[in-house]
Every structure is written in structure tokens, then in C-alpha cells.
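**Q** Show me the folded form of this:
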Amino acid sequence: MLQLLISFIVVFLLLLVPKVALDNKDYCEIVIDSSVKILSENTNGTGIEYGEMSAYNNLGNAVTITNTTDYFMVDDFSQGDLNGVTYANDQLTVTKAGVYKVDWSLSFSGGASDEYIISVFVNDAVSSECEGVHRKLGASGDVGSTGGTCLINLSGSDTVDLRIRNIDSTANANAYFQNVNVIILDIINSSSLTTETLDYNYDRVCFANTKTTEDTFYNSMLWFIRFFAIYIFLYFNYVLWVKNKLINWGFIQKK
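**A** Okay, the predicted model is just below:
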């Protein structure tokens, strides 16, 4: 009877062993949603301050020079792209105080062998940061090109323009191409800036897994073991038991 009880318990436990299902659990992951906002301000609320004026004249735009000591304004510019900077009377006017990058270029002809000096002016005065780019023309009166770049600390409503001086004679300069542009690099008075936040959002997102992939080999072997255990259980506990009873009753002879 003890052997019968033990066999029954073993078979019962085998029947309770569950099937194996792979990847049938929900899974979660961390999703980072970052939002970066650039801090800047100007008169119309978009982007950064910049402005440009330029001109091209195939015949040459004459800049009248009357002496060798003064600078004379390069004129006849046309308005270019503007944002927070205004243009009028061949000058750019900034609206915000800050450090500006000023670039200029000039292609011109003039007096034979004359030396010209080109400078950027701020509020009708020569800028020390952008003063004195020299260009000496050839004896045959060739066309020369020159340019410069500088950083200037400007206040709101400051004007910027380009001027030229002939230190050898009063021969005029004829400008074929001329360009001046400014762009702000650093806003000095930052008290008016609206602070914008750099946000990072962390979300835990879970996904329901609808797959119920089973380990076929494992489950097949489990069913085989179950049937084999049942066979062994029946053979040793019932078949042999019945055989022994038949021997005892004399229906079959013991070998």
C-alpha cells in the first residue's frame, strides 16, 4: 500500500507541473522627452538681431572726396535682411545694446597709385575696433577689393555705416560692390530677457505583451514524462497486483 501511495503522489505532482510560456509578461521602459528652448530676445520676439545693407553697381557708384583728411560716406546702399535692426540713409541702426559682429566688404576703383583707408563709423565717429583698413591702388587705376570684420560694443539706437578716405589726393572712389552687416552676439542688458526653462520629462511606459509563445520541446517532454509515469504507475500497481491475485487464486501458474 505504501508503494501505491507514493506512486499516486508522484503522478499527481507531475500533472500539476505547468506549461512554460515565454515572453508572456508585460514589459516597461523609460522614455525621456527633452525639450530645449533657446534664450533670445529682440524687438519682434523672434530670433536674434541682425541687419544688412548692400549694393552692386556695374558702372561704379561715385563717392565724392574733397580732401585728404576726412572720411566720406559710402552711399547708395539698399536694404537687406533685417531683424531687430533698421535701415535708413545708408546706415544700420541697432535697437538692443550688446556686442555685435560687424562685417563689411568693398570693391572699388580710384586714383592711380592712391592709397585709401576704409573704416566703420558708429554714430558718425570712426570706430576704434574697425578703423583703418588700407588699400593702395595700382598705377593703372585698377579695381581693388578689401574687407574687414570686428566686434563692437553698441548701445540701443547706435548707427553703423561705412566710410572711405583718400590720403594721397582728392580722386573719388567708385564703388562696384559694397556690403555691411551686423549681428548681435551677446545682449548686454539681460534684465529684460524672459527666462525659459529647460525641461526634461521622464515617463515610465508599459506595453502589454499579447504573445504566448510556448517552449514546445519542454512541454512535449513534460507530457511524455507524465504518460510514462502513469504507465509505470499502472503497470507496477495494478497490472502486477492483478497478476499476483490471479496466481494466488490459481488461475495462472507462477513461473
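**Q** Quick one: the helices in the stretch 51-200 of the chain, in order.
**A** Under the criterion DSSP state H, counting those that start in this stretch, the stretch 51-200 of the chain carries no helices.
**Q** Which helix or which strand is home to residue 230?
**A** helix 216-234 (DSSP states H and E).
**Q** domain assignment for this structure?
**A** Listed domain ranges for the chain are 2-25+211-249, 50-196 (source: automatic domain parsing).
**Q** Just send these back as CSV, with mean neighbour count too.
**A** In this view, the C-beta of every residue, glycine as well, is placed from N, C-alpha and C. Output for the domains of the chain, formatted as CSV (neighbours: other Cβ atoms under 10 Å):
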stretch, mean neighbour count
domain 2-25+211-249, 12
domain 50-196, 17
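**Q** which of the ones you listed has the lowest average pLDDT?
**A** Per-segment mean pLDDT for the domains of the chain reaches its minimum on domain 2-25+211-249, at a mean of 62.
**Q** got the contact list for the closest residue in space to residue 75 that isn't next to it in sequence?
**A** Distances taken as Cβ to Cβ, 6 or more residues apart in numbering place residue 90 nearest to residue 75, at 4.6 Å, with adjacent residues excluded. Residue 90 is in contact with 53, 73-77, 161, counting by Cβ atoms under 8 Å, 6 or more residues apart in numbering.
**Q** Using TSV, lay out the residues you listed together with distance to residue 119.
**A** Putting these into TSV (distance: Cβ to Cβ, whole Å) gives the following:
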residue	distance to residue 119
53	16
73	11
74	10
75	15
76	18
77	16
161	10
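**Q** In strands, which of these appear?
**A** 53, 73, 161 (DSSP state E).
**Q** Show me what the first one is bridged to.
**A** Counting by DSSP bridges, residue 53 is bridged to residue 79, residue 180.
**Q** wait, what's in contact with it?
**A** 77-80, 87, 90, 92, 179-181.
**Q** ok, for residue 74, nearest residue in space, not its chain neighbours?
**A** Spatial nearest neighbour of residue 74, chain neighbours left out: residue 162 (4.6 Å); criterion: Cβ to Cβ, 6+ apart.
**Q** doesn't residue 126 make contact with that neighbour?
**A** No - using Cβ atoms under 8 Å, residue 162 makes no contact with residue 126, being 11.1 Å away.
**Q** any shared contact partners between those two?
**A** 119-120.
**Q** Would you format the ones in strands among the contacts of residue 90 as TSV with distance to residue 248 included?
**A** Shown next, in TSV, are the ones in strands among the contacts of residue 90 (distance: Cβ to Cβ, whole Å):
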residue	distance to residue 248
53	124
73	135
161	129
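**Q** which one of these sits closest to residue 221?
**A** Closest to residue 221 out of the ones in strands among the contacts of residue 90 is residue 53 (85.7 Å), distances taken as Cβ to Cβ.
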